[in-house]
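*Asks:* Structure for this input, please:
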Amino acid sequence: MANTQNVERSELSVALAPCRSAVISLTVFSMFANVLMLTGPLFMLQVYDRVLTSGSMPTLMALAILAAVLYGLYGFLEFVRSRLLVRIGRIFDESLRGRVFDAVALQSFRSGGKRSEALGDLQTIRLFLQGNGPIAFLDMPWAPIYLAIIFAMHAMLGWLALIAGVVLTIIAILTEQATRRHAAEAQKAIGHAGAQADQCRSQIEAATILGMLGRLRDRWAHTQDEALASHMLASDRSGLLTTLSRTLRLVFQSAVLGLGAYLALRREVSPGVMIAASIIMARALAPIETAVSQWPQFQSFRRSWHRLKRFLADVPKSRPRMELPRPSGKLAVENLSAFLPGVEKPLVGNVSFNLEQGGGLGIIGPTGAGKSTLARALVGAWPLTRGTVRLDGATPDQWDPDVLGRSIGYLSQESELFDGTIAENISRFELSPDPKAIVEAAQQADIHALVLAMPDGYNTVIGQGGRRLSAGQRQRLGLARALYGSPSLVVLDEPNANLDSNGEMALVRAIAGVRERGGTVIVIAHRPSAIGALDKLMVLSEGKVAAFGPKDEILAKVLARPVDSGGRPGGLTVVAEAKGA
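*Replies:* Coordinates of the predicted model:
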């Protein structure tokens, strides 16, 4: 645990280190700004005690000019303070956002797409750092100095100002205690509602067609109501105490003015002291009042800060890896098993096989046999696995993920695409992609002519998830992306599910082309045409390897006996069709 805490502190310290000079400058400017805040009360003190008693116009002019200069300097310092806060927030965000994004991606990958609040927490921290909260906390240490000045004017005035400060501080503490639990509940409910809305947006087609939209809306609205109820309760309590704090400050300010007038009538202080003490006390209480009004934002900042620290500690920063040569495509799998979290029985168990460079493996079997799970485990996309997968003798964790990713081509059943142009999706969003390689990949996937027929060609924006394309177009575009850059290992999961006969012929040619250039291909198939250009075949049944070997030999063996243990040849139709491939 101690090591974890050290990791948390050191990582956030690294993020804050570039802000150190700005924070020091902000503190120094705050010191001078608070000193210059005495300009008003001192000016009033001199006007009442000198100018009005002496009737000297030159003295009034000199004081007015001096006050104007000091106010101008104060305004400049306040402007600089606000600019420094904006830059501190930006520096902190820029220092940490890449790390947080990578950690969110890794955590989502490990948890199967679980939503994370880390990016929102980073934004909350940045917004607080750029707001009025830090100014209030920097000004608060000056409150005792202002109180000391009031005490120097008269003890009774000082005690009244001190009582006012204590009362407002108690209100600040009550605000924190009264809103903490409800604010946390509201934040949790808002996150839950956001997750439901995201899920609905991602599945909007099915929700609309199946008539589920209204029920999903009601479900989301119920969660949103819970969030709003907690937020309203926290806001009501915070608003009540904030209003009370603001009202009491005005009351105390008038009380000091009245007490000063009483003392002036008794000749214990001058009229100037009466006015100056009122202004100074207002300045002494202003940071406390601001802190009370900023308390909900501070609570959000504090929760986000600790949550982000825990999150970064739970998702350690990846260590630099030595660069390995580009893999040739030799694949060795030993006792590979894939699990669901909390489930002891594996979805895929003890799978072992070897593929030489240029090899081609088809994986078939009945629905639910674990074919897609095995495909994801082979490319490192399944979070919970046992056993080893080695590409050219190296396990995936020995490679930098971005470097290894350029040597792997993967097409899932969903053909996930991203908002951007066709060229960007094919090139995997490389900063400086090779146009020739983009066109070659599109031609291999037989989508080049289709792309050219679009209004903007390769610059056509496809929208989030490729919603502007048909299912077949998305699948062929995903295949082009998988083939981009001539990867050493290509894994295709149901690549012909949405293809017509021409698309299937292009797929077979693409698979054969990968093998001809020395790449290794693994194809998950329900339809037989996809395995025509492969030389090995694996049959999965209930997550286990039922047969593996040369394609024709395995087909002959499997056709001679049932696949499953129930006496019915589950998946045998697929195998029989594959025989013709």
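
*Asks:* what about the strands in the stretch 1-150 of the chain?
*Replies:* Counting by DSSP state E, counting those that start in this stretch, no segments of the stretch 1-150 of the chain form strands.

*Asks:* quick one, helices of the stretch 451-581 of the chain?
*Replies:* 471-483, 501-516, 551-559, 572-579 (DSSP state H, counting those that start in this stretch).

*Asks:* Save those helices as CSV, and put in mean neighbour count and mean pLDDT too.
*Replies:* For the C-beta atoms, the positions are set from N, CA and C on the backbone; glycine is no exception. Shown next, in CSV, are the helices of the stretch 451-581 of the chain (neighbours: other CB atoms under 10 Å; pLDDT from 0 to 100):
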stretch, mean neighbour count, mean pLDDT
helix 471-483, 24, 89
helix 501-516, 18, 86
helix 551-559, 17, 77
helix 572-579, 18, 45
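
*Asks:* Distance to Asp49 added to those, as a markdown table?
*Replies:* A markdown table is the format used below for the helices of the stretch 451-581 of the chain (distance: least, CB to CB, whole Å):
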| stretch | distance to Asp49 |
| --- | --- |
| helix 471-483 | 81 |
| helix 501-516 | 93 |
| helix 551-559 | 104 |
| helix 572-579 | 101 |
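
*Asks:* got the contact list for whichever strand or helix holds Ala375?
*Replies:* For Ala375, the element it lies in under DSSP states H and E is helix 371-378. For helix 371-378, the external contacting residues (CB atoms under 8 Å, 6 or more residues apart in numbering) are 331, 333, 336, 338, 347-348, 351, 363-365, 382, 385, 389, 410, 412-413, 491, 493-494, 522, 524, 540, 543.

*Asks:* Tell me which other helices or strands the strand or helix carrying Met232 touches.
*Replies:* Following DSSP H and E, the helix or strand that holds Met232 is helix 213-265. Under the contact criterion of 3 or more CB pairs under 8 Å, 6 or more residues apart in numbering; DSSP states H and E, helix 213-265 touches helix 155-202, helix 204-209, helix 271-293, helix 295-314.

*Asks:* Go through those helices and name the closest to Gly89.
*Replies:* Nearest to Gly89 among those is helix 295-314 (11.2 Å), distances taken as CB to CB.

*Asks:* tell me the angle the following helix or strand past the closest one makes with helix 371-378.
*Replies:* Using DSSP H and E, the helix or strand that follows helix 295-314 in sequence is strand 331-338. Strand 331-338 runs at 120 degrees relative to helix 371-378, counting by axes from the mean of the first three to the mean of the last three CA atoms, to 10 degrees.

*Asks:* What strands line up against the helix or strand following strand 331-338, and which way round?
*Replies:* Next in sequence after strand 331-338, counting helices and strands by DSSP H and E, comes strand 348-355. Pairing partners of strand 348-355, with direction, according to DSSP bridges: strand 331-338 (antiparallel).

*Asks:* and the strand it pairs with, which residues are buried?
*Replies:* Neighbour-count burial for strand 331-338 flags 331-333, 336-338 (criterion: 16 or more other CB atoms under 10 Å).

*Asks:* could those go into JSON lines alongside distance to Ala449?
*Replies:* Listed next are the buried residues of strand 331-338 as JSON lines, based on distance: CB to CB, whole Å:
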{"residue": "Leu331", "distance to Ala449": "33"}
{"residue": "Ala332", "distance to Ala449": "39"}
{"residue": "Val333", "distance to Ala449": "38"}
{"residue": "Leu336", "distance to Ala449": "40"}
{"residue": "Ser337", "distance to Ala449": "44"}
{"residue": "Ala338", "distance to Ala449": "39"}
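
*Asks:* Nearest to His192 among these?
*Replies:* For these, the nearest to His192 is Ala338 (28.8 Å; CB to CB).

*Asks:* pretty sure Val490 contacts Gly409?
*Replies:* Yes. Counting by CB atoms under 8 Å, Val490 touches Gly409, with 3.9 Å between them.

*Asks:* so what sits against both of the two?
*Replies:* 482-483, 514.

*Asks:* As a markdown table, the residues you listed with distance to Arg99 would be great.
*Replies:* Listed next are the shared contacts of Val490 and Gly409 as a markdown table, based on distance: CB to CB, whole Å:
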| residue | distance to Arg99 |
| --- | --- |
| Ala482 | 29 |
| Leu483 | 32 |
| Val514 | 36 |
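
*Asks:* contacting residues around the nearest residue to Pro487 once chain neighbours are set aside?
*Replies:* Using CB to CB, 6 or more residues apart in numbering and skipping the chain neighbours, the partner closest in space to Pro487 is Gly409 (3.9 Å). With contact set as CB under 8 Å, 6+ apart, Gly409 has these partners: 481-484, 487, 489-492, 514.

*Asks:* Apply 7 Å and report the result again.
*Replies:* 482-483, 487, 490 (CB atoms under 7 Å, 6 or more residues apart in numbering).

*Asks:* And the residue nearest the centre of this structure?
*Replies:* Of all residues in the chain, the one closest to the mean position by CA atoms, centre = their mean is Leu119, 2.7 Å from it.

*Asks:* Kindly provide the distance from it to Arg390.
*Replies:* 34 Å (CB to CB, to the nearest Å).

*Asks:* C-alpha coordinates for stretch 23-32, PDB please?
*Replies:* Below are the C-alpha coordinates for stretch 23-32, written out as PDB (Å, rounded to 0.1, in the frame of the first residue of the first chain):
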ATOM      1  CA  VAL A  23       2.200  28.800  -8.800                       C
ATOM      2  CA  ILE A  24       5.000  30.700  -7.200                       C
ATOM      3  CA  SER A  25       4.300  33.700  -9.400                       C
ATOM      4  CA  LEU A  26       0.600  33.500  -8.500                       C
ATOM      5  CA  THR A  27       1.400  33.400  -4.800                       C
ATOM      6  CA  VAL A  28       3.700  36.500  -5.100                       C
ATOM      7  CA  PHE A  29       1.100  38.400  -7.100                       C
ATOM      8  CA  SER A  30      -1.600  37.500  -4.600                       C
ATOM      9  CA  MET A  31       0.600  38.900  -1.800                       C
ATOM     10  CA  PHE A  32       0.900  42.300  -3.600                       C
END
